[in-house]
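J.: need the 3D shape of this:
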Amino acid sequence: MRRIAGAAMPLYLSMIASSAASLVDTAVLGRHATGSLAAFAVTLAVFSPAMATVSGAMRGVMPFVSAQKEDADALVPVLRNGIWLGIFVGLLGAVAVVAVPVIGGVGGVPETTLDELGVFPYILACAVVMMSIGATATSALVGLGKGKAVMRSGLTGTVVAVALSLSLVGGFGSWDGLGLPGAGIAMFASSTINAALAHVQLRRNTVLAGRPLALGRPRPRDVLRIAGVGIPLAATVLIKFGALGVLAFSAARVGTDSAAVHSIALSLANLMFTAAVAVGQATVPLMADPVRSGDVVEIRRTALAGVRVAVCTVAALAALLALVRDPVISVFTHDSDLRDQVLDLLPLVLLAVLADAVQAVFGFGLIGIKRTVPSLAAFAVCYGLLALAAVPVGNAGGLHALWLSLAGANLLLVAGQAYFFHTRSGLPSPS
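T.: As a prediction, the model looks like this:
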């Protein structure tokens with residue numbers, strides 16, 4: 001548990017810093033022009049799931065890297081094939097982002113908002129490709145147990161993003177700034193620096209030091225082996241985003257206040273759930289040796305230790321939130337009625353997050369043993385049922401019923417993920 005917690009902490013700090021940079025973009029664009037902020041939100045509605053999908057796909061690199069963490073000769077082709085996979089999924093994500101004006105038009109976004117987009121989707125499409133290449137190096141560093149290196153590159157990229165956003169969006173002195181394109185340039189520069197630093201640290205501070213890492217030609221069979229682990233994870237992310245989108249739609253149908261409260265509650269939930277993601281990633285390298293030796297007891301013991309760390313961490317964050325709930329919620333709203341509604345909803349939010357944290361760690365356990373299709377199946381069933389039930393449940397019981405249904409879906413996921421991990425961990429690991 002100590003080893004997992006120590007490895008997870010820098011990963012968590014890096015992810016929280018990245019989220020903070022996104023909030024800065026939102027704040028400076030809101031002050032610059034309402035139209036720019038609206039266009040930013042429309043683009044993020046495509047960019048965020050695209051990036052989450054890319055990140056999910058690239059997590060498939062981790063167990064392959066961990067399995068070869070002491071063998072540089074075997075690790076070099078793994079990294080090269082991972083970069084090729086990153087380029088491929090990054091280009092797919094970039095195409096989706098470039099299509100934002102078309103998607104927005106089909107979705108009924110006002111023409112005035114679409115006119116504000118300009119070159120922003122194209123800049124962000126370049127950022128997606130760069131982030132996907134960086135995600136390969138980041139996943140490799142996580143697989144090698146180099147969480148501090150991930151934190152260093154992530155924090156540096158975040159500092160660059162914040163500095164450029166503050167200067168390029170709103171300008172300074174007599175210069176009015178670039179507005180929305182400035183935010184895009186800041187995000188692209190940040191992703192480029194993050195990716196460059198991650199690759200530099202991978203080449204200097206690991207067993208790969210001194211090894212030639214030219215990209216070379218792709219090896220389709222080996223790329224597909226990594227994709228066989230990563231692509232189901234990407235599909236899982238898409239399913240989760242889709243179901244949560246339906247949940248948000250259902251909350252909006254209940255009323256404006258419910259939509260606002262749901263948004264705040266989801267932000268608080270994500271803040272806590274990110275810790276579980278960091279813990280889950282930290283467990284993957286620790287599974288490499290027992291997976292290689294076929295030590296089923298140690299594989300399961302590692303996953304259960306990760307579950308305990310995740311539960312303790314989320315519980316500690318929940319207790320901290322309970323102690324400082326008024327100032328924290330005041331960051332999101334000064335409306336006393338909305339604040340009371342958020343406070344009333346918190347017990348269900350915490351239940352949903354705790355269940356989500358546990359299922360996530362078992363999901364990363366399935367990544368560690370290179371068996372992610374069962375996780376996809378579990379999400380398809382549990383979150384598929386959630387998406388189907390969301391609108392009628394929201395109409396019948398309001399926001400509390402929606403979050404109760406989310407907690408129920410996550411509890412079902414705990415059972416499904418734990419079952420699949422237990423049964424699949426007893427099988428020989430795929431090569």
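J.: ranges for the strands of this protein?
T.: Counting by DSSP state E, one finds no strands in the chain.
J.: wait, residue 205 touches residue 146, no?
T.: Yes - counting by Cβ atoms under 8 Å, residue 205 touches residue 146, with 6.7 Å between them. Where C-beta positions appear, they are placed from N, C-alpha and C, glycine not excepted.
J.: can you pick out the residue with more neighbours from the two?
T.: Between residue 205 and residue 146, residue 146 has the larger neighbour count (other Cβ atoms under 10 Å), namely 22 against 15.
J.: need the contact list for residue 351.
T.: Shown in contact with residue 351 (Cβ atoms under 8 Å, 6 or more residues apart in numbering): residue 407.
J.: per-residue confidence for it?
T.: At residue 351, the pLDDT value in this model is 93.
J.: same check, this time on residue 338
T.: 77.
J.: burial count for it?
T.: 18.
J.: residues touching it, list them.
T.: By Cβ under 8 Å, 6+ apart, residue 338 lies in contact with 257, 260, 261, 264.
J.: hang on, isn't residue 381 packed against residue 415?
T.: No - assessed by Cβ under 8 Å, residue 381 is found out of contact with residue 415, at 11.1 Å.
J.: dump stretch 125-134 to CSV, restricted to CA.
T.: C-alpha atoms of stretch 125-134 as CSV (Å, rounded to 0.1, in the frame of the first residue of the first chain):
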residue,chain,number,x,y,z
ALA,A,125,-6.4,19.1,-33.6
CYS,A,126,-2.6,19.6,-33.7
ALA,A,127,-2.6,19.5,-29.9
VAL,A,128,-4.5,16.2,-30.0
VAL,A,129,-1.8,14.6,-32.1
MET,A,130,1.0,16.0,-29.9
MET,A,131,-0.9,14.9,-26.7
SER,A,132,-1.2,11.4,-28.1
ILE,A,133,2.5,11.1,-28.8
GLY,A,134,3.2,12.5,-25.3
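J.: ok, residues contacting it?
T.: So stretch 125-134 is contacted by 47, 50-51, 54, 58, 83, 86-87, 89-91, 93-95, 97-98, 153, 184, 187-188, 191-192, 194-196, 198-199 (Cβ under 8 Å, 6+ apart).
J.: next: stretch 286-303.
T.: 3-4, 7, 63, 66-67, 69, 143, 145, 283, 361-362, 365, 368-370, 421-422, 425-426, 428-429.
J.: can you select the buried ones among those residues for me in PyMOL?
T.: Of those, the buried ones go into a single PyMOL selection, burial set by 16 or more other Cβ atoms under 10 Å:
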select buried, resi 4+7+63+66+67+69+143+145+283+361+362+365+368+369+370+421+425+429
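J.: tell me how far the nearest residue in space to residue 136 that is not next to it in sequence lies from residue 58.
T.: Spatial nearest neighbour of residue 136, chain neighbours left out: residue 86 (4.1 Å); criterion: Cβ to Cβ, 6 or more residues apart in numbering. Separation of residue 86 from residue 58 (Cβ to Cβ, to the nearest Å): 6 Å.
J.: low-confidence ranges in this protein?
T.: Where the chain drops to pLDDT under 70, the residues are 23, 25-27, 29-34, 107, 173-174, 212-213, 256, 331-333, 429-431.
J.: what distance do you get for the residue nearest in space to the middle of it to residue 270?
T.: The residue lying closest to the centre of the chain (Cα atoms, centre = their mean) is residue 52, at 4.9 Å. Residue 52 is 11 Å from residue 270, where distance means Cβ to Cβ.
J.: count the residues that sit near residue 2.
T.: Around residue 2 there are 8 residues (other Cβ under 10 Å).
J.: what does residue 243 give?
T.: So residue 243, with other Cβ under 10 Å, has 22 neighbours.
J.: excluding chain neighbours, what is closest to it?
T.: Leaving aside its chain neighbours, residue 243 sits nearest to residue 383 (3.9 Å; criterion: Cβ to Cβ, 6+ apart).
J.: my read: that neighbour touches residue 410, true?
T.: No - taking contacts as Cβ under 8 Å, residue 383 lies outside contact range of residue 410: 9.2 Å.
J.: now, the contacts of stretch 286-303 that are in helices?
T.: 3-4, 7, 63, 66-67, 143, 283, 361-362, 365, 368, 421-422, 425 (DSSP state H).
J.: please identify which of these is nearest to residue 24.
T.: residue 7 (27.7 Å; Cβ to Cβ).
J.: I figured that closest one hits residue 284, correct?
T.: No - between residue 7 and residue 284 there is no contact under Cβ under 8 Å: 9.7 Å.
J.: give me the neighbour count for residue 22.
T.: 16.
J.: mind listing what's buried in stretch 301-318?
T.: So for stretch 301-318, counting by 16+ other Cβ under 10 Å, buried means 302-311, 313-314, 317-318.
J.: narrow the residues you listed to those in helices?
T.: Per DSSP H, the subset of those in helices is 302-311, 313-314, 317-318.
J.: make a markdown table out of those and add distance to residue 123.
T.: Converted to a markdown table, those look like this (distance: Cβ to Cβ, whole Å):
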| residue | distance to residue 123 |
| --- | --- |
| 302 | 41 |
| 303 | 41 |
| 304 | 44 |
| 305 | 43 |
| 306 | 38 |
| 307 | 41 |
| 308 | 43 |
| 309 | 39 |
| 310 | 36 |
| 311 | 41 |
| 313 | 36 |
| 314 | 36 |
| 317 | 34 |
| 318 | 38 |
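J.: ok, those residues vs residue 237, which is closest?
T.: Closest approach to residue 237 among those (Cβ to Cβ): residue 310, at 18.5 Å.
J.: ok, the residue nearest to residue 307 when sequence neighbours are not counted to residue 43 distance?
T.: Distance criterion Cβ to Cβ, 6+ apart; nearest residue to residue 307, sequence neighbours excluded, is residue 361 at 4.9 Å. Applying Cβ to Cβ, the value for residue 361 to residue 43 is 32 Å.
J.: next up, the contacts around the residue nearest to residue 307.
T.: Neighbours of residue 361 in contact, by Cβ under 8 Å, 6+ apart: 276, 279, 280, 283, 303, 306, 307, 310.
J.: what's the answer for residue 139, then?
T.: If you count contacts by Cβ under 8 Å, 6+ apart, residue 139 has them with 58, 59, 60, 61, 62, 65, 82.
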